[in-house]
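> need the 3D shape of this:
(one chain, ligands or ions: 1)
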Amino acid sequence: MIYQHTPVMLKEVLEYLNPKPGQCFIDCTLGGAGYTIEIAKKVGGGGKVLAIDLDEMAIKNAKLQITNYKLQNIILINDNFKNLSKIVEDLTPTLSLRRRGGDGHVEFHGIVLDLGLSSAQLQDRNRGFSFQLDAPLNMAFGQTAGETTERIVNNRRAEELERIFKEYGEERFAKRIARKIVEYRKLKSIKTTGQMVEIIKSALPKKYLYGKIHPATRVFQALRIATNKELENLEQVLPQAMDLLAPKGRIAVVSYHSLEDRIVKRFFKRESKDCICPPSYPACRCHHKARLKILTPRVVRASEEEVLNNPRARSAKLRAAERM
Ligand SMILES: C[S@@+](CC[C@H](N)C(=O)[O-])C[C@H]1O[C@@H](n2cnc3c(N)ncnc32)[C@H](O)[C@@H]1O
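Predicted coordinates:
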């Protein structure tokens, strides 16, 4: 198996995470192991990297890479990053991870998330992520748990499909596409990406079929987000990650669409404030304390050179923060 993925903004991510010998890091989205390997080299034998991915294909590929690079400080975990606290809790006794003084929590010097899917997943003929390849309509990051896209398109009501396309894909013709899906599935169930592309095209006005982007782009993005509950997972992992950071520990998140970036931006903003009461309150009632310092007041984008070499980097947005 050849797992192809070029890490996005690797240099910038490493600059923000700043790994040093002996430190412990978590890569919540192992993918092609691009970040994991580089961090593992920097933390050396005295340090550790926990690398998580839902996709067994990523784990298998990483095992090969770890052997090739002769690294012994990477722990691979095939799980959903939304379970981050539990993953760390379960590993603590066996891995002699250092515990923080008072509350007994394990602490990490950096945590990274590089969201979405890898190029290897997109190009995998069996997964159904790409509208360019005719494949079973699956789109699940993991091979086991969770709903497949096939179930969503064949079972959800038209209104629900419309909401998914609008909310997660910002698809202008969400209603028309949802209706077409419901009409189509009365005759035949929808099993492949090819059928999906055909349905989408039949729902769009002719002039929208030849635009800058493929007419199925937005719907495919929306279905992938819904299938994997991507936004819910992100909402769940951020507070857990913050709790696991040591003082001055850093979190870096790379996202690829505005819905994810908005969640990260809002979370960092909220956690960098001492009071989060509505402005109409005359005095603070929340007693919230800032726990993060934002390191990227403006979102960081990939350099022109990187985008030229790796078009996937075009939409990438990096945000980083430091635990206080
Ligand atoms: C963009 S790739 C990461 C690439 C990686 N940074 C590299 O350098 O090769 C995203 C990875 O995150 C994984 N992923 C997405 N959502 C996940 C989740 N909730 N839990 C665990 N892994 C997830 C995907 O399966 C995919 O392998």
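
> for the rest of this, base every contact and every neighbour count on C-alpha atoms.
OK.

> kindly provide the distance from K48 to the ligand.
To the ligand, K48 is 17 Å away according to Cα to the nearest ligand atom, to the nearest Å.

> what pLDDT does that residue get?
On pLDDT, K48 comes in at 93.

> same check, this time on L91
According to the model, L91 carries a pLDDT of 88.

> helices and strands around the helix or strand containing it, which ones?
If you go by DSSP states H and E, L91 is part of helix 84-95. Packing contacts for helix 84-95, counted by 3 or more Cα pairs under 8 Å, 6 or more residues apart in numbering; DSSP states H and E, involve helix 230-244.

> how far is the helix it packs on from where the chain is centred?
Counting by Cα atoms, centre = their mean, to the nearest Å, helix 230-244 is centred 11 Å from the centre of its parent chain.

> what is that helix packed up against?
Against helix 230-244 (3+ Cα pairs under 8 Å, 6+ apart) you get helix 84-95, helix 258-271.

> rank these by mean pLDDT and give me the bottom one.
Looking at the helices and strands packed on helix 230-244, the bottom one is helix 84-95 with a mean of 87.

> what does that one rub up against?
Under the contact criterion Cα atoms under 8 Å, 6 or more residues apart in numbering, helix 84-95 has outside partners V106, V237, Q240, A241, L244.

> tilt between it and helix 230-244?
Angle, helix 84-95 to helix 230-244, by axes from the mean of the first three to the mean of the last three Cα atoms, to 10 degrees: 50 degrees.

> so after helix 84-95, what's the next helix or strand?
Helix 84-95 is succeeded, C-terminally, by strand 108-114 (DSSP H and E).

> return the residues of the protein in contact with the ligand.
Within reach of the ligand by Cα under 6 Å from any ligand atom, the chain has these residues: 5, 7, 29-35, 52-55, 58, 79-82, 114-118, 141, 233.

> now, of those residues, which are buried?
By neighbour count, with 16 or more other Cα atoms under 10 Å, the residues of the chain next to the ligand hold 5, 7, 29-35, 52-55, 58, 79-82, 114-118, 141 as buried.

> surely N310 and T6 touch.
Yes. With contacts counted by Cα atoms under 8 Å, N310 reaches T6, the gap being 7.5 Å.

> neighbour-wise, which of those two wins?
Taking neighbours as other Cα atoms under 10 Å, N310 and T6 compare with T6 leading, 19 against 15.

> for that one, helix, strand, or coil?
coil (DSSP: H, G, I helix; E, B strand; the rest coil).

> state the pLDDT value of it.
At T6, pLDDT is 97.

> what do you get for L209?
pLDDT for L209: 87.

> residue contacts, G46?
Counting by Cα under 8 Å, 6+ apart, G46 touches P21, G22, Q23, N73.

> switch the cut-off to 10 Å
Contact analysis of G46 by Cα atoms under 10 Å, 6 or more residues apart in numbering lists K20, P21, G22, Q23, C24, A40, Q72, N73.

> within the helices and strands, which one has it?
Take DSSP H and E as the rule and G46 turns out to sit in neither a helix nor a strand.

> how far away is it from T94?
Using Cα to Cα, to the nearest Å, G46 is found at 16 Å from T94.
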